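Asks: Build me a model:
(chains A and B)
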Amino acid sequence: MMKAGSFHGSLNWKRTHYTTEIAPDLDGKEVVLTGWIKEVRDLGGIKFLILRDKEGTVQITIPRDEVEEHLIKIAESLQRQDCVSVRGVVRRMDKAPRGVEVIPRSIMLLNSAKQPLPIDITGKTPADIDVRLDARILDLTREENQAIFRIRHAALEAIREFFSKNGFIEIHTPKIIATATEGGANLFPVAYFEREAFLAQSPQLYKEQLVIDFEKVYEIGPTFRAEKSHTRRHLTEFISIDIEEAFATAEDVMEVAENLLQHVCKVINERCSRELEILKHKVEVPSIPFKRLTYDEIVNELRDLGVKISWGEDIPTVAYRTLGRLHPYFYFIIDWPTHLKPFYIKPRDDKPEISEGFDLMWHWIEIASGGTRIHKKELLIKRMKEQNLNPESFKYHLQVFDYGMPPHAGWAIGLERLIMMLTGVKNIREVVLFPRDRFRLVP
RNA sequence: GCCCUGGUAGUAUAGCCCGGUCUAGUAUAGGCGGCUGUCGCCCGCCCGACCCGGGUUCAAAUCCCGGCCAGGGCGCCA
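Replies: Have a look, this model is predicted:
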């Protein structure tokens, strides 16, 4: 038997199983587990350690009269978050969690954790989000967080599967840019050698240009907004899921969006039932098509409920909250007044004061926005001027419109807001590993 | 940019309104001891805190002012 706690025989700590693979039918088998101590319950003559690895947990049981004296000593020294390798024998045991436990033959301490830890990694004494984010690496060991990020992973996987199957190619556009993409403010300036540059707030212009080459493109990437918002649904850095499709209209890409969301909800239900259970959350698979409500209908509905909005005004947050109660789950808002939408959104041919832009709502939260784009250079320049943007600063974008720009449409979904919907968490920072907001820049 | 709320041990909280009874209570983590079936184990002992500065007062965790930090909301947005 190896001398416990030593490192001779450098591969002795190599894992044979993950914790979740330890099942009653392995009774009697010797296994090596590696991971971290999550909890210690010492009853004197018998000690219980909960070992965590990336898959889950298993109980390590140390009965005094069944193991050697030196092992008792090591077990007594173990504390939360110590990194260990455990060689032991699986035992079927009704009284143990999942009906199985491991009786150790040797335990190697690979690294100890400094006590006391800044947060309770078992989650029994809850900590505020600010404290948890300061100790984010420890916080992420908690099973709720493991569940959130597994769902995030599964959602991204499902999204990529969906796009691939539907003929979209994944692109990456620059995040360091020379000028504002959608005009105006809210860009983070960066020192780019001797020049000033900015962090991209959206891949909008690049993805539009690329439809000439690839027709159907999507990008899943970071976007940056220097907005001083401080709410549970805003970040300064977030992941945007963007698509752009040639020879398509707003209606075409709305169908892509609803099909995608339905697919993602299905996949999460199928592949993440354990995670959803941990989060005590249910994902309802939406039926399609989603409701399409016009801006006029929304304004009228709100008026009937006493929320007055004159035509052409943007919808304030309080009004969205009211709308969310009226239309639980997904719905589109279409036929927006043109002047409320960005310059590249196409005005309707028959009624130019109305645009072909849309928003996709989930309850009261905007999850996506998009529309048919302008593909005629003259109209695009006209719209830029109407929004007080200087066409000169968009010359590289505009020149592409001389190269046979097709009619096209697209949208952008905020990944984090989608994950909020899939996990049921109330604060967007919960679904980002290291969130950035107006005040938080570390860790 | 604006508005609201809050800052008490590693963590989460009580106390604050109505100043003295606070050598600041509790839980959990941590330390020591005990305990052979725990799964929020249990029991005993111990360690550990009033954000900073100024003011009012005989007396400030408590009231007032300023600062810093945090949470939430509005506007804007995904």
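Asks: give the contact list for residue A:271.
Replies: Shown in contact with residue A:271 (CB atoms under 8 Å, 6 or more residues apart in numbering): residue A:154. Any C-beta I mention is one placed from the backbone N, CA and C, and that applies to glycine too.
Asks: In this model residue A:59 seems to touch residue A:40, though I could be wrong.
Replies: No. Taking CB atoms under 8 Å as the definition, residue A:40 is not a contact partner of residue A:59, at 11.3 Å.
Asks: More neighbours: which of those two?
Replies: Shown here are residue A:40 and residue A:59; by other CB atoms under 10 Å, residue A:59 has more neighbours (21 against 16).
Asks: Can you tell me the SS state at that one?
Replies: Here residue A:59 is recorded as strand under DSSP: H, G, I helix; E, B strand; the rest coil.
Asks: shouldn't it be in contact with residue A:102?
Replies: Yes. When contacts are counted by CB under 8 Å, residue A:59 is listed as touching residue A:102 (7.3 Å).
Asks: shared neighbours of the two, anything?
Replies: Common contact partners of residue A:59 and residue A:102 (CB under 8 Å, 6+ apart): residue A:51.
Asks: Now the common contact residues for residue A:40 and residue A:59.
Replies: Common neighbours of residue A:40 and residue A:59 (CB under 8 Å, 6+ apart) are A:48-50.
Asks: Among those, which ones lie close to RNA strand B?
Replies: Applying CB under 7 Å from any atom of the strand to the shared contacts of residue A:40 and residue A:59, one finds that residue A:48 fall near RNA strand B.
Asks: Throw the shared contacts of residue A:40 and residue A:59 into JSON lines and include neighbour count and pLDDT, thanks.
Replies: Converted to JSON lines, the shared contacts of residue A:40 and residue A:59 look like this (neighbours: other CB atoms under 10 Å; pLDDT from 0 to 100):
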{"residue": "A:48", "neighbour count": "18", "pLDDT": "96"}
{"residue": "A:49", "neighbour count": "27", "pLDDT": "96"}
{"residue": "A:50", "neighbour count": "19", "pLDDT": "96"}
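Asks: tell me which of the shared contacts of residue A:40 and residue A:59 is nearest to RNA strand B?
Replies: Nearest to RNA strand B out of the shared contacts of residue A:40 and residue A:59 is residue A:48 (CB to the nearest atom of the strand; 3.4 Å).
Asks: which SS state does the residue nearest to that closest one when sequence neighbours are not counted fall under?
Replies: Excluding the flanking residues, the one nearest residue A:48 by CB to CB, 6 or more residues apart in numbering is residue A:41, at 4.3 Å. Recorded secondary structure, residue A:41: strand (three-state DSSP).
Asks: quick one: residue A:327 and RNA strand B, what's the gap?
Replies: 16 Å (CB to the nearest atom of the strand, to the nearest Å).
Asks: residue contacts, that residue?
Replies: A:291, A:293, A:361, A:363.
Asks: What distance do you get for it to residue A:259?
Replies: 20 Å (CB to CB, to the nearest Å).
Asks: What is the neighbour count of the closest residue to residue A:203 other than its chain neighbours?
Replies: Spatial nearest neighbour of residue A:203, excluding adjacent residues (CB to CB, 6+ apart): residue A:173 at 4.2 Å. Counted by other CB under 10 Å, the residues lying close to residue A:173 total 19.
Asks: repeat for residue A:109
Replies: For residue A:109, the neighbour count with other CB under 10 Å is 16.
Asks: Equivalent analysis for residue A:217, please.
Replies: Count around residue A:217 with other CB under 10 Å applied: 26.
Asks: Correct me if wrong: it contacts residue A:171.
Replies: Yes. With contact defined as CB under 8 Å, residue A:217 and residue A:171 form a contacting pair (4.8 Å).
Asks: list residues touching both of those two?
Replies: A:207, A:210.
Asks: from the contacts of residue A:327, which single one is nearest RNA strand B?
Replies: Using CB to the nearest atom of the strand, residue A:361 is the member of those that lies nearest RNA strand B, at 8.8 Å.
Asks: Please report phi then psi for the closest one.
Replies: When quoted as degrees, to the nearest 10, the phi and psi of residue A:361 stand at phi -110, psi 150.
Asks: residues in contact with it?
Replies: Residues in contact with residue A:361 (CB under 8 Å, 6+ apart) are A:320, A:323-324, A:327, A:330-333, A:367.
Asks: one more time with 10 Å
Replies: By CB atoms under 10 Å, 6 or more residues apart in numbering, residue A:361 lies in contact with A:290-291, A:293, A:298, A:315, A:320, A:323-324, A:327, A:329-333, A:367-369.
Asks: same check, this time on residue A:313
Replies: Contacts for residue A:313 (CB under 10 Å, 6+ apart) come out as A:299, A:319, A:337, A:340.
Asks: any idea how far it lies from residue A:344?
Replies: From residue A:313 across to residue A:344, the span is 22 Å (CB to CB).
Asks: For residue A:179, which three-state class applies?
Replies: Secondary structure for residue A:179, judged by three-state DSSP, is coil.
Asks: In contact with the spatially most distant residue from the centre of chain A, which residues?
Replies: What lies farthest from the middle of chain A is residue A:65; by CA atoms, centre = their mean that is 48.6 Å. Counting by CB under 10 Å, 6+ apart, residue A:65 touches A:45-46.
Asks: Okay then, goodbye and thanks.
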